[in-house]
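**Student:** coords please:
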Amino acid sequence: MSSIKSTSRRAFGLAMAGVALALATADVSHAGDVRTIKIATAAESKPLSWGAIGVEPQGYEPDVLKAINAKLPQYKFVMEGVADIAQETGLATGKYDIATGGYYRAPAREKQFLIPEAPIGASLIKIYSRKDSGINEMKDLVGKKIVPVTAGGGIYKFATAWQEQNPNDKIEITASSAGVPYPDRLKEVQNGKYDALVLPSNLGEQTVIDQQKLAIKTSEPVAINQTYVLIHRSEENKALSDGIDKALKELKADGTLAKLSQKWFGEDITAYMK
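**Tutor:** Reported below is the predicted structural model:
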């Protein structure tokens with residue numbers, strides 16, 4: 001074999017090795033372009049979202065997040081069930097990139113977090129009372145003992161605003177940070193400790209009522225609030241927020257959100273989503 005042919009073959013081999021290395025490097029680079037997004041979901045709000053640490057979250061919001069992720073392949077969504085009290089704290093510190101849990105839009109949150117324009121769902125606030133209570137709307141709560149609500153939470157703000165708009169109908173709203181699970185609160189209404197419980201209907205109350213065979217009735221919505229995805233405020237998350245906003249609008253338009261709503265809530269909440 002001539003030295004020229006040997007040299008040519010070695011050169012060809014080195015060239016091919018270089019191509020293979022370039023392709024391998026490109027694959028690594030492409031894989032590195034997929035950014036992992038850590039998401040805190042509600043841990044105990046079935047059917048909205050539930051699943052403790054180490055358990056894959058299930059429910060309406062986790063399913064919507066999976067549908068969003070399918071439209072945003074540049075990200076890998078990793079969900080983790082987190083206690084309500086720790087969600088916003090973890091989001092503010094950057095431990096999580098996203099938090100979902102039936103959150104309302106509020107000025108303080110808009111200042112602290114990035115919030116896509118499109119809602120992820122709708123929270124239908126309803127009154128839960130004994131079937132013989134005669135309670136059907138907010139005015140029926142005058143003189144009644146209402147289950148304490150979370151201090152500074154959405155229901156507290158709603159009830160406070162309602163009272164300001166209806167000064168002649170005095171209702172007693174007590175704020176609490178006790179964090180008693182809503183299934184226990186429903187039982188307290190059942191046994192007469194309280195007359196009524198005011199809550200969003202997407203937390204699985206009807207499931208508890210049916211399973212526990214409680215003599216509790218549910219009012220028509222007394223208020224409707226859009227719910228949103230909260231995103232840790234940072235420069236790199238602006239593109240993430242825009243992508244989620246676009247994906248949510250598409251998922252509403254193509255009927256995906258309606259299907260997931262029917263699956264988890266037994267009703268189409270998208271009818272209440274703007």
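**Student:** now do the same contact list for residue 163.
**Tutor:** Contacts of residue 163 were listed using Cβ atoms under 8 Å, 6 or more residues apart in numbering, and they are 169, 170, 171, 173. No exception for glycine: its C-beta is placed from N, CA and C like everyone else's.
**Student:** likewise residue 154?
**Tutor:** So residue 154 contacts 104, 123, 200, 225 (Cβ under 8 Å, 6+ apart).
**Student:** shouldn't the second one be in contact with residue 203?
**Tutor:** Meaning residue 123. No - counting by Cβ atoms under 8 Å, residue 123 stays clear of residue 203, with 9.2 Å between them.
**Student:** give me the common contacts of the two.
**Tutor:** Shared contacts of residue 123 and residue 203, defined by Cβ under 8 Å, 6+ apart, comprise residue 102.
**Student:** and residue 272, how far from residue 223?
**Tutor:** 10 Å (Cβ to Cβ, to the nearest Å).
**Student:** name the residues contacting each of these two.
**Tutor:** The contact sets of residue 272 and residue 223 overlap at residue 124 (Cβ under 8 Å, 6+ apart).
**Student:** I'd assumed residue 70 was in a strand, is it?
**Tutor:** No - assessed by DSSP: H, G, I helix; E, B strand; the rest coil, residue 70 does not belong to a strand; its assignment is helix.
**Student:** state the number of residues packed around it.
**Tutor:** Residues lying near residue 70 (other Cβ atoms under 10 Å) number 12.
**Student:** look at residue 101 and give its secondary structure.
**Tutor:** At residue 101 the chain is in strand, as set by three-state DSSP.
**Student:** pLDDT weak spots in the protein?
**Tutor:** Low-confidence segments of the chain (pLDDT under 70): 1-32, 177-179.
**Student:** which residue is nearest the middle of it?
**Tutor:** Closest to where the C-alpha atoms of the chain average out (Cα atoms, centre = their mean) is residue 100, at 2.9 Å.
**Student:** for residue 46, state which of the contacts of residue 163 is nearest.
**Tutor:** The closest of those to residue 46 turns out to be residue 173 (Cβ to Cβ; 25.8 Å).
**Student:** isn't that closest one up against residue 159?
**Tutor:** Yes - between residue 173 and residue 159 there is a contact at 4.4 Å, judged by Cβ under 8 Å.
**Student:** please enumerate the shared neighbours of the two.
**Tutor:** Here residue 173 and residue 159 have residue 149 as joint contacts, going by Cβ under 8 Å, 6+ apart.
**Student:** do a quick rundown of the strands in the stretch 1-150 of the chain.
**Tutor:** Ranges of strands within the stretch 1-150 of the chain are 35-42, 44-45, 49-50, 75-82, 98-103, 113-114, 121-130, 149-150, based on DSSP state E, counting those that start in this stretch.
**Student:** dump those strands into JSON lines; add distance to residue 165 as well.
**Tutor:** Shown next, in JSON lines, are the strands of the stretch 1-150 of the chain (distance: least, Cβ to Cβ, whole Å):
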{"stretch": "strand 35-42", "distance to residue 165": "29"}
{"stretch": "strand 44-45", "distance to residue 165": "28"}
{"stretch": "strand 49-50", "distance to residue 165": "31"}
{"stretch": "strand 75-82", "distance to residue 165": "34"}
{"stretch": "strand 98-103", "distance to residue 165": "23"}
{"stretch": "strand 113-114", "distance to residue 165": "28"}
{"stretch": "strand 121-130", "distance to residue 165": "15"}
{"stretch": "strand 149-150", "distance to residue 165": "17"}
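**Student:** right, and these - which one's nearest residue 208?
**Tutor:** Checking the strands of the stretch 1-150 of the chain against residue 208 by Cβ to Cβ gives strand 121-130 as the closest, at 9.7 Å.
**Student:** report all helices and strands that that closest one contacts.
**Tutor:** helix 60-71, helix 154-165, helix 182-190, strand 196-200, helix 205-212, strand 216-218, strand 223-232 (3 or more Cβ pairs under 8 Å, 6 or more residues apart in numbering; DSSP states H and E).
**Student:** much appreciated, bye for now.
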